[in-house]
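**Q** generate a structure from the sequence data that follows.
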Amino acid sequence: MDIDGDGFLEESELKDHIDFMQKRYVNNDVDRTWKNYNVEKVKDGKISWKDYIEMVYGTVGEGQELSAEYQKMIIRDEKRWKKADYDSDEMLDRTEYGCFMHPEDCDHMRDVVVQETLEDIDKNKDGFVDLDEYIGKLTTIQCIMFIEIAD
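**A** You can find the predicted model right below:
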């Protein structure tokens, strides 16, 4: 981490190290999940939306329905999938899949991250984040930070 070898850790050295560790984590996570997909489903280095939802959510048998929670998750994933599909071929390669899995690391995915965050905070689903929802989110973050510090 001490790139200049002066025995001190500069802010820029720490930032560079954190960036490196974050990229390594994301890359390893994407590699791990990509390798877990059925080889027959990854065609020409790409995976289709249909194959992805079958592998992740399973198939729905005749007369069965997905729970409302699963339906919400699939809708959210589909929005993210479409945005990650940079070449609009309805399939994701490994790079696009990385953006799907970690949209916060891809510039063209920023609006998806913002939208998902707003949807998570907007508890009453009125399309706005009111003061109580905002403060509630801050309180949750502060509690988590307090618990981590206490441990």
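
**Q** give me the phi and psi for L92.
**A** With angles defined as degrees, to the nearest 10, L92 sits at phi -110, psi 130.

**Q** and the helices in this protein, which stretches?
**A** Shown for the chain, the helices assigned by DSSP state H span residues 11-36, 49-57, 68-84, 94-101, 110-121, 131-150.

**Q** dump these to a markdown table, plus mean pLDDT and mean neighbour count.
**A** (C-beta placed from N, C-alpha, C; glycine too.) Shown next, in a markdown table, are the helices of the chain (pLDDT from 0 to 100; neighbours: other CB atoms under 10 Å):
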| stretch | mean pLDDT | mean neighbour count |
| --- | --- | --- |
| helix 11-36 | 87 | 12 |
| helix 49-57 | 89 | 15 |
| helix 68-84 | 92 | 15 |
| helix 94-101 | 94 | 19 |
| helix 110-121 | 89 | 14 |
| helix 131-150 | 67 | 10 |
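
**Q** need the ones you listed in a markdown table with distance to G5, can you?
**A** As requested, the helices of the chain are exported to a markdown table (distance: least, CB to CB, whole Å):
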| stretch | distance to G5 |
| --- | --- |
| helix 11-36 | 10 |
| helix 49-57 | 46 |
| helix 68-84 | 40 |
| helix 94-101 | 33 |
| helix 110-121 | 37 |
| helix 131-150 | 32 |
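
**Q** which one, of those, ends up nearest to M1?
**A** The closest of the helices of the chain to M1 is helix 11-36. By CB to CB, the value is 4.6 Å.

**Q** residue contacts, D93?
**A** Neighbour list for D93: 45-46 [criterion: CB atoms under 8 Å, 6 or more residues apart in numbering].

**Q** quickly list what it is bridged to.
**A** Beta bridges link D93 to K46, judged by DSSP bridges.

**Q** how close does D87 sit to D51?
**A** According to CB to CB, to the nearest Å, D87 and D51 sit 17 Å apart.
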